[in-house]
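In: predicted structure and sequence below. I'll ask about it afterward.
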2 protein chains.
Amino acid sequence: MENDTKKKLESLGNKVAKEIKERGNPSIDIPIRSLKNTIYDTESNQLKLGDKVSKRSFLNISHAKSFMQTLLVASATKDLVKGGHHTSLRDLYYMLKRTLPNSSENTFDTQSESDPCIVDLEVTLNVLRENLNLNADIRGRVVGKVEVVDRGDSVDWSKLGSGGWAIPSNVEGIEIKKAKAKYILVIEKNAAFERLHEDKFWKDNDCILITTQGQAARGTRRMIQRLSKEFNLPVYIFTDADSYGWYIYSVIKYGSISLAHVSDRLSTSNARFLGLTLSDIEEFDLKKFTIKAEEVDLKRAQEMLNYSWFKSPEWQNELKLMLKHKYKAELEALSGKGLQFITKKYLPKKIKNKEFLP
Amino acid sequence: MENDTKKKLESLGNKVAKEIKERGNPSIDIPIRSLKNTIYDTESNQLKLGDKVSKRSFLNISHAKSFMQTLLVASATKDLVKGGHHTSLRDLYYMLKRTLPNSSENTFDTQSESDPCIVDLEVTLNVLRENLNLNADIRGRVVGKVEVVDRGDSVDWSKLGSGGWAIPSNVEGIEIKKAKAKYILVIEKNAAFERLHEDKFWKDNDCILITTQGQAARGTRRMIQRLSKEFNLPVYIFTDADSYGWYIYSVIKYGSISLAHVSDRLSTSNARFLGLTLSDIEEFDLKKFTIKAEEVDLKRAQEMLNYSWFKSPEWQNELKLMLKHKYKAELEALSGKGLQFITKKYLPKKIKNKEFLP
């Protein structure tokens, strides 16, 4: 993959160099990233980019600066890949920030100018940002009977004490040697993850536990996908019963609109929503632990009713339940039934009966 | 320690029970937590609680509810300690939330009512929240030649690939078997930590690398203290050159005003500030990578000039430099000098010459 990315970057550079030598108008074709060019692909169950493309050329006064910026980023990432170094988006911005000779013009004034160039390269070259050796946010921990090899170290996720393994921001170079599990349980909140880990839930139930610690970082999304694909494991998502929890689920399963061009490498379309559902609230008598839904929850539920990827009767019912009751609930609500209710009753019942939303 | 905490909780319960049996007015003496009762102890270099105490009694209409709440929390944490279970503050709130019989009165209406009871117990019983088996926020990763035993697992921090070890929220039960290092380098930002980790900085320089990922969580602060104390290691802190970076340093070194009662168990008074300093900006020619200081930075610098724990000439100079130049800088600014400038030049020079602020 590293070689592949390097070749793609070099071939982009060679194309532009050739156009310059021939005294043409050097240009790059960049697929358009917008809601209008985003498609929900029913076959793969993923949000994907359409085929609309825009041309960025040097001899166009409104393109010239962003053309230069794109090439600067391409050149720097080629050096990163070549040298085997990784860095962050912020670092890259500082690495490339300078004042052009004999002018007061900067290559980049803020990071908000360099970040889009990176995504442009991702779509144009059809590579992941991680393949450009640019690391993303880091969040997410994991525990389970899994062995990986990372930078020459063999790491056994079942032998890391209470901390678990910190999922790196970039998991491309990691080899997953073996995974002994029946399913992957992805948990939004770290507190619930720690509770389950302490109760040895992963050991007793033969599963891999992952906490996303909020919205799943790219490394975590990619790790979920790789584990699921490479070992043919079902994925169950466990979040708060609110709009943010649904969003976390949706991004893991379908991808996001802003990253539609990498859905195939970051999303896990076989993921199922385990809970917390609004029907759980009635079934497990959690009503007194609910919270009043906020405007954003109700608005989001209303919007989601129309998304083609939430058209199943189960999800329509779930969304309508929130609009009807106007309440939401957190994972912690289950602790209202006792500290071990979640590990001893709730999860085993839901998983055994396959009570998932599609 | 678990036994100790259990005994303290039981003795509190027995005292109150005795007072009830004797038809007295059951009460608890709780040390006051406020700036006025916070002392900077020059001998230990720590922020500490003074000796002012308030009495919370049952037969006082303005105390009755909080008296009940404190006892509910004490009783629940006794069960946690007895059962060997851990949980989060939010879970505890849900576990204790209920409606009192024949009334519409709830034991707790929001978590903001149960959280202070926990701190009250911490100060009253002189135990850490972690000893009450309540887990705090989780953040922080570490790498280095260290071996710990955690829940029966032997974990070698030097063999965990690119991810490193995720520092648990509660490190009380962890045994640190060995630590082969000359110092501990604590880094505010994860991106810089990953860069240093990739360059094998910890291996080449015989040190332990810790990233706090922002303000240090309690588990991370405690881990820094334990490593430093148990293995007699100096601690160098590496943050952005701004008010938030100074705050991170100050909390690790001196403790915080809101947690002054646990400074002796969470703070590391031998910590030194490595950088980024405002003098670094001149020395390493980083001026074009600076950012305009915000109001909050300048205001904070002005306040800190008067703190008795920032009265050293070095810190007074640093604070005045910001007020003079009105700029600040991020760790990433060092990447402006090249990707490996930080590992190959900046850190080795600063550490070799012991260029630290006290």
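Out: Received the coordinates, thanks.

In: count the residues that sit near the residue nearest to A:Thr5 when sequence neighbours are not counted.
Out: Among residues not flanking A:Thr5 along the chain, A:Asn131 sits closest, at 4.4 Å (C-beta to C-beta, 6 or more residues apart in numbering or on different chains). Just so you know, the C-beta spots here come from the backbone N, C-alpha and C atoms, and that holds for glycine as well. Residues lying near A:Asn131 (other C-beta atoms under 10 Å in any protein chain shown) number 23.

In: what about A:Asn131, is that helix, strand or coil?
Out: Three-state call for A:Asn131 (DSSP: H, G, I helix; E, B strand; the rest coil): helix.

In: was I right about it contacting A:Asn170?
Out: No - the criterion here is C-beta atoms under 8 Å, and A:Asn131 misses it with A:Asn170 at 9.1 Å.

In: tell me the residue furthest from the middle of chain A?
Out: Distance from the centre of chain A peaks at A:Asn102, with 42.6 Å (C-alpha atoms, centre = their mean).

In: tell me which stretches of the stretch 151-300 of chain A form strands.
Out: A:153-156, A:165-166, A:175-179, A:183-187, A:207-211, A:235-238, A:271-275, A:291-292 (DSSP state E, counting those that start in this stretch).

In: now those as a markdown table including distance to A:Val251, mean neighbour count and mean pLDDT?
Out: Formatted as a markdown table, the strands of the stretch 151-300 of chain A follow (distance: least, C-beta to C-beta, whole Å; neighbours: other C-beta atoms under 10 Å in any protein chain shown; pLDDT from 0 to 100):
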| stretch | distance to A:Val251 | mean neighbour count | mean pLDDT |
| --- | --- | --- | --- |
| strand A:153-156 | 26 | 16 | 94 |
| strand A:165-166 | 21 | 28 | 89 |
| strand A:175-179 | 22 | 14 | 97 |
| strand A:183-187 | 11 | 24 | 98 |
| strand A:207-211 | 14 | 27 | 97 |
| strand A:235-238 | 10 | 25 | 98 |
| strand A:271-275 | 10 | 23 | 95 |
| strand A:291-292 | 23 | 12 | 90 |
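
In: Throw those into JSON lines and include distance to B:Leu357, thanks.
Out: Formatted as JSON lines, the strands of the stretch 151-300 of chain A follow (distance: least, C-beta to C-beta, whole Å):
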{"stretch": "strand A:153-156", "distance to B:Leu357": "35"}
{"stretch": "strand A:165-166", "distance to B:Leu357": "30"}
{"stretch": "strand A:175-179", "distance to B:Leu357": "43"}
{"stretch": "strand A:183-187", "distance to B:Leu357": "41"}
{"stretch": "strand A:207-211", "distance to B:Leu357": "37"}
{"stretch": "strand A:235-238", "distance to B:Leu357": "46"}
{"stretch": "strand A:271-275", "distance to B:Leu357": "49"}
{"stretch": "strand A:291-292", "distance to B:Leu357": "45"}
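
In: B:Gln316: which of these is closest?
Out: Of all these, strand A:165-166 sits nearest to B:Gln316, with 38.5 Å by C-beta to C-beta.

In: for A:Ser243, give me its contacts.
Out: A:Val296, A:Asp297, A:Lys299, A:Arg300, A:Ala301, A:Met304, A:Lys328 (C-beta atoms under 8 Å, 6 or more residues apart in numbering or on different chains).

In: what of A:Tyr254?
Out: So A:Tyr254 contacts A:Tyr40, A:Asn45, A:Gln46, A:Leu47, A:Ser263, A:Ser267, A:Ser269, A:Trp309 (C-beta under 8 Å, 6+ apart).

In: ok, now A:Glu330?
Out: Contacts of A:Glu330 (C-beta under 8 Å, 6+ apart): A:Lys189, A:Asp240, A:Ala241, A:Asp242, A:Leu276, A:Phe289, A:Ile291, B:Arg90, B:Tyr94.

In: and if we set it to 7 Å?
Out: Residues near A:Glu330 by C-beta atoms under 7 Å, 6 or more residues apart in numbering or on different chains: A:Asp240.

In: A:Glu283 and A:Trp246, how far apart?
Out: To A:Trp246, A:Glu283 is 19 Å away according to C-beta to C-beta, to the nearest Å.
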